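Engineer: here is a sequence with its predicted model. Questions after.
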Amino acid sequence: MEESKVSLLEIDALTVEYRTDDAIVHAVNDLDLRLDKGETRGLVGETGAGKTTLALSVLRLLPERVGHIAGGSIRYEGRELLQMPEAEMLALRGKRISMIFQDPMTSLNPTHTVGDQILEVLNLHFPEMTKQQKEAKVDEMMTLVGIPPSRKTDFPHQFSGGMKQRIVIAMALVAEPELLLADEPTTALDVTIQAQILELIRNLKNQFHTAVLLITHDLGVVAEFCDTVSVVYAGRVVEYGTVEAVFEKKNNHPYTAGLFGCIPDLKDDQPRLHPIAGRMSDPRVVHEGCCFCDRCDHAMERCKTVAPAMHVHKGHGIACHLFENREDF
Amino acid sequence: MNWVKYAGKRLLMLIPVIICVTFILFLILSAAPGNLARQLLGQDATEEQIEAKQAEMGLDKPLLVRYGLYMRDVVRLDFGESWINGESVLERFQNRLPYTLMLSTLAMIFAVAIGVPLGIMSAIRQYSLLDYGTTFVAILLFSLPAFWLGTMCQILFCLILRWLPTSGITGWKSYILPTVILGANTLASMIRMSRTSMLDVIRQDYIRTARAKGAAMQVVVRKHALRNSLIPIVTQMGITFAGTIGGAVVTENIFTIPGIGTMLLNAVKSRDVPVVLGTVIFVTIIVGIINLAVDLICALIDPRIDLAS
Amino acid sequence: MFKRKKKSLSEYSMGELVMFRFRKNKLAMFGVFLLAAVFLAVLLAPVLSSYDNVVQMHVKDRFTSPNGSYIFGTDEFGRDLFARVLYGGRISLLASFAIIGIALVMGALIGGAAGYFGGRVDSVLMRVVDMLMAVPSTLLAMAIITALGNGVWKLVVALAVSQIARFSRIVRSAVLTLRNVEFIEAAQCYGCSSLRIIVKHILPNGIGPIIVSATLNLGQTILSISSMGYLGLGVASPTPEWGTIISENKANIQAYPYLGLIPGICIALTVMAVNFIGDGLRDAFDPRTKN
């Protein structure tokens, strides 16, 4: 995993704002993230932490006029995406970077057959393929995701939610991209279907050697599925590391620890769960100090004024004053 | 063949609608205060004359009997005669319908051909000068009374500039101004509807999905947004068509076009009940057929609509 | 924290939110301002002019262009157009509001009953409404005028009846969407009576779409009233009404354009003001529709 010097995806100090009539919403603040070839990284955080915004920024598909990338850089194989001409972005989207959206119910066009919607990716990116080759590829892909190719002339409303997500996955992977941004791919689905879909993504990812950025709020999914994890709070990465290091639960950012406290653990005989006090900080307010200090049990005076630096030990980074000068975690 | 069956079913369903609508109209029209026969014959008429006239008009019988007799005649395509000049209602309607149908269709084409592209373009270029301009025109057209716009345009283009004929139908030029005036309001609603619809569609998740596939925005609009945005537009077209036939009353009046609008207006003024009744029934049938066509077109565009159910 | 949350759910606070969004809408506020000006002028008609001027003919001053003594000029009989427009506006506006009011009350009764009680009541009422909707509303209004004859209040009845069906539908769908919402169920669990639920919970929460369509229909009704006046089916001359004023001056507009322009602009501005307010309300009640 550490074979390449240049990561597949490098995000540095990314800052994204939504400017509405009423206020500026700071969705992503000074966020850093790395993703290597073939790596699966979990991006964990509460609703509104800026996870989807991050994924849309990578594809440069933020809502026009409202979403603004205010600073930072996003490099793909060393090339800056934020400065890339739109024509080159078009060639990248869907072919080398693709995305699975949260809600399969709404992410398929209701007036096109599912086969056509998968085929469209091939038409856009592989003009050299013949019609028969493309059709064959669509059939193959549908089989891979477990939908009989005979159903490719059906429309999205004729499928169930889980099947729609399978088609979305087929669409996202038909071009065999190097990077898949999976934005809560299972949140809208039944629990029983969730496992199947994750298993499917895992198999295809191994088959095509695709790197995956799995956006989720479910720590269980991360533990099960990912190599590495980044925990996001209020648009910042507060902790990152390998799944082993973070899930060891010995040294964690107070927020990550809080997230763990929200999950029932059958082994420990906890009397009750420990929800994180308070609410997600208001994204319209710019924080001077640590963004989590209002809800943190360990907050000190300087947390209110000084933003904590990322303290890294053996590839495990924690952005918290508690870990300053600690070499042992 | 699915849609043929569906169309047949819908046309059959028009029959009970017509029966009920006619009954409602009978109720309304029988609520007329005062003695219609006396009004028609004038103050000098004798009691006998009035009674004879009432018998002739069928007003001496109770409401339900009159309704029954009327429906019996309607089945034989006999819609009675005008109380004023004794002409057959059906025949008069047939003579005048072409003008109104022509005018309404032209107005509809005018409104759709200009309004839909404008609305869609202003949605795609939201907040552009084009968008502001189009929205302003739509608001203006929506607020201007058609009779006023018609009168003023008639004076300007027909009387002062003498570009177009003032009244009647003397050739294709006679249709230009009435078409524009009748279509003005529809144009406004087409612009608004297509703009709203397109804005709604381009914010949908599947548009983002299509862009994430690597399709350029113009391609996404053409391939994915256009068709979906047409569904509410077509529905709106059906709704406004009914309004257009109503609006024809005003336009035909301004430009003295011998369509069903002028016929209806004269009938209302002279309280010529058979003509009013017949006209309303015919127009209701026409509107019903148009709505059927709209539903069929919607089913053609939107695969989610299942005609069988 | 908890207290604030509770308040934001109450109708008072929702109203506040709507008002806040509405006030931020410049066009809507312009509409309010414009409509207020029209209302004020029309209400102050006896102060700004007098009813005598409406019918009094100043034969010597026929076709006087707008000037100091006749702000809007005079018509072919030498009647003061300013007075006629002001008093005409009284009739146009009063009649339009009456039409919307009647249609709204009737629609609320029919649609509310259909939506709330459902089942047989719903299917019978909605069948009738469907039948009425099958007839284009202008034609329905004209049929009613045929029965009732000419006159302002007969016209009001005709136009109101022709709109009842539409309002019934809107009210019904508002009631239906709210009927199964949790807080209504909660109210039922607390043992609220049907009437109490309708009045206290369904109406305030479903009122948004109803107010919006009432406002937007008001604009079209002002147009309908004056159209009918123009066609000679409503207010008869010499009583002034915006449509009749244009109709009675039709032959002279070419020579004296102000006779057509002034009343036309009055109608257009008023309707535009109402439409701005309606659009503003729609965006305020449902910010998602705002572009």
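Structural biologist: Received, thanks. Residues are numbered from 1 along each chain as shown, chains lettered A, B, ... in the order given.
Engineer: pLDDT weak spots in the chain?
Structural biologist: No chain in the question, so chain A it is. A:1-5, A:265-273, A:327-329 (pLDDT under 70).
Engineer: I was after chain C.
Structural biologist: Residue ranges of chain C with pLDDT under 70: C:1-14, C:180, C:182-184, C:194-195, C:197-205, C:287-291.
Engineer: what's the single longest helix in it?
Structural biologist: Longest helix in chain C, counting residues (DSSP state H): helix C:81-117.
Engineer: please identify the buried residues of it?
Structural biologist: Neighbour counts over helix C:81-117 (16 or more other Cβ atoms under 10 Å in any protein chain shown) mark C:81-93, C:95-96, C:98-100, C:102-104, C:106-108, C:110-116 as buried. (Each C-beta comes from the backbone N, C-alpha and C, glycine too.)
Engineer: nearest to chain B: which residue in the stretch 1-150 of chain C?
Structural biologist: Closest residue of the stretch 1-150 of chain C to chain B, Cβ to the nearest Cβ: C:T138 (2.9 Å).
Engineer: burial of that residue, as a residue count?
Structural biologist: Counted with other Cβ atoms under 10 Å in any protein chain shown, residues neighbouring C:T138 total 24.
Engineer: name the nearest residue to it, sequence neighbours excluded.
Structural biologist: Excluding the flanking residues, the one nearest C:T138 by Cβ to Cβ, 6 or more residues apart in numbering or on different chains is B:G246, at 2.9 Å.
Engineer: for the helix or strand that the one you found is a member of, list every residue counted as buried.
Structural biologist: Element membership for B:G246, per DSSP states H and E: helix B:226-254. By neighbour count with 16+ other Cβ under 10 Å, helix B:226-254 contains the buried residues B:227-238, B:240-254.
Engineer: average pLDDT across that helix?
Structural biologist: Per-residue pLDDT over helix B:226-254 has a mean of 91.
Engineer: give me phi/psi at A:R236?
Structural biologist: Main-chain dihedrals, A:R236, degrees, to the nearest 10: phi -120, psi 150.
Engineer: so it is in contact with A:A27, correct?
Structural biologist: No - in this structure A:R236 lies outside contact range of A:A27 using Cβ atoms under 8 Å: 10.9 Å.
Engineer: number of nearby residues for B:E47?
Structural biologist: Using other Cβ under 10 Å, the number of residues around B:E47 comes to 8.
Engineer: quick one on the thing from earlier: who are the packing partners of the helix holding B:G246?
Structural biologist: Packed against helix B:226-254 by the contact rule (3 or more Cβ pairs under 8 Å, 6 or more residues apart in numbering or on different chains; DSSP states H and E) you find helix B:89-124, helix B:146-153, helix B:173-202, helix B:260-269, helix B:273-301, helix C:137-148, helix C:203-231.
Engineer: let's verify A:P127: helix, strand, or coil?
Structural biologist: Secondary structure for A:P127, judged by DSSP: H, G, I helix; E, B strand; the rest coil, is coil.
Engineer: which residues of the stretch 1-150 of chain A fall in helices?
Structural biologist: Secondary structure of the stretch 1-150 of chain A by DSSP state H, counting those that start in this stretch: the helices cover A:51-59, A:86-92, A:114-125, A:131-144.
Engineer: tilt between the longest one and helix A:114-125?
Structural biologist: For helix A:131-144 and helix A:114-125, the angle between their directions (axes from the mean of the first three to the mean of the last three Cα atoms, to 10 degrees) works out to 120 degrees.
Engineer: output helix A:131-144 in PDB with nothing but the alpha carbons.
Structural biologist: Coordinates of each C-alpha in helix A:131-144 appear next as PDB, following Å, rounded to 0.1, in the frame of the first residue of the first chain:
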ATOM      1  CA  LYS A 131     -22.100  -1.200 -30.400                       C
ATOM      2  CA  GLN A 132     -22.000  -5.000 -29.800                       C
ATOM      3  CA  GLN A 133     -19.000  -4.700 -27.600                       C
ATOM      4  CA  LYS A 134     -20.700  -2.100 -25.500                       C
ATOM      5  CA  GLU A 135     -23.900  -4.100 -25.200                       C
ATOM      6  CA  ALA A 136     -21.900  -7.100 -24.200                       C
ATOM      7  CA  LYS A 137     -20.100  -5.100 -21.600                       C
ATOM      8  CA  VAL A 138     -23.400  -3.800 -20.200                       C
ATOM      9  CA  ASP A 139     -24.700  -7.400 -20.000                       C
ATOM     10  CA  GLU A 140     -21.500  -8.500 -18.300                       C
ATOM     11  CA  MET A 141     -21.700  -5.700 -15.800                       C
ATOM     12  CA  MET A 142     -25.300  -6.300 -15.000                       C
ATOM     13  CA  THR A 143     -24.500 -10.000 -14.400                       C
ATOM     14  CA  LEU A 144     -21.700  -9.000 -12.100                       C
END
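Engineer: I'd like the next helix or strand past it.
Structural biologist: Per DSSP H and E, the first helix or strand lying C-terminal to helix A:131-144 is helix A:161-173.
Engineer: the inter-axis angle of the following helix or strand past that following helix versus helix A:51-59?
Structural biologist: Toward the C-terminus, helix A:161-173 is succeeded by strand A:179-183 as the next helix or strand (DSSP H and E). Calculated by the same axes, to 10 degrees, strand A:179-183 forms an angle of 150 degrees with helix A:51-59.
Engineer: partners of strand A:179-183, with directions?
Structural biologist: Applying DSSP bridges, strand A:179-183 is found paired with strand A:97-100 (parallel), strand A:211-216 (parallel).
Engineer: so how far is chain A from B:V280?
Structural biologist: Between B:V280 and chain A the computed distance is 38 Å (Cβ to the nearest Cβ, to the nearest Å).
Engineer: let me see the contact set for that residue.
Structural biologist: B:21, B:25, C:135, C:139-140, C:142-143 (Cβ atoms under 8 Å, 6 or more residues apart in numbering or on different chains).
Engineer: same check on B:M190?
Structural biologist: Neighbouring residues of B:M190 by Cβ under 8 Å, 6+ apart: B:111-112, B:114-116, B:119, B:233, B:236-237, B:240.
Engineer: and A:K137, what is it in contact with?
Structural biologist: A:122, A:129, A:174 are the contacts of A:K137 under Cβ under 8 Å, 6+ apart.
Engineer: just the closest of these to B:L129, please.
Structural biologist: Among those, A:L122 lies closest to B:L129 (Cβ to Cβ), at 38.9 Å.
Engineer: now the closest one: how far from C:Y190?
Structural biologist: Noted for A:L122: a distance of 59 Å to C:Y190, by Cβ to Cβ, to the nearest Å.
Engineer: please say which of the two ends up with more neighbours.
Structural biologist: A:L122 (22 against 9).
Engineer: distance of that one relative to A:M89?
Structural biologist: Computed as Cβ to Cβ, the A:L122 to A:M89 distance reads 19 Å.
Engineer: was I right about C:A98 contacting C:A158?
Structural biologist: No - if you go by Cβ under 8 Å, C:A98 and C:A158 don't touch, sitting 11.9 Å apart.
Engineer: for A:H68, list each beta-bridge partner.
Structural biologist: On the basis of DSSP bridges, A:H68 is bridged to A:E17.
Engineer: now do the contacts for it.
Structural biologist: Taking Cβ under 8 Å, 6+ apart, one finds A:16-19, A:62 in contact with A:H68.
Engineer: can you flag the buried ones in these?
Structural biologist: Taking 16+ other Cβ under 10 Å as the criterion, what is buried in the contacts of A:H68 is A:16-18, A:62.
Engineer: what residue in the stretch 201-309 of chain B comes nearest to chain C?
Structural biologist: In the stretch 201-309 of chain B, the residue that lies nearest chain C is B:G246 (2.9 Å; Cβ to the nearest Cβ).
Engineer: touching, that residue and C:L140? I think so.
Structural biologist: No - counting by Cβ under 8 Å, C:L140 is not a contact partner of B:G246; they are 9.2 Å apart.
Engineer: tell me the buried residues in stretch A:148-162?
Structural biologist: For stretch A:148-162, burial by neighbour count (16+ other Cβ under 10 Å) applies to A:152, A:154-156, A:159, A:162.
Engineer: quick one: contacts of it?
Structural biologist: Stretch A:148-162 is touched from outside by A:104-105, A:108-118, A:138-139, A:142-143, A:147, A:164, A:167, A:188-190, A:193, A:196-197, B:303-304, with contacts defined as Cβ under 8 Å, 6+ apart.
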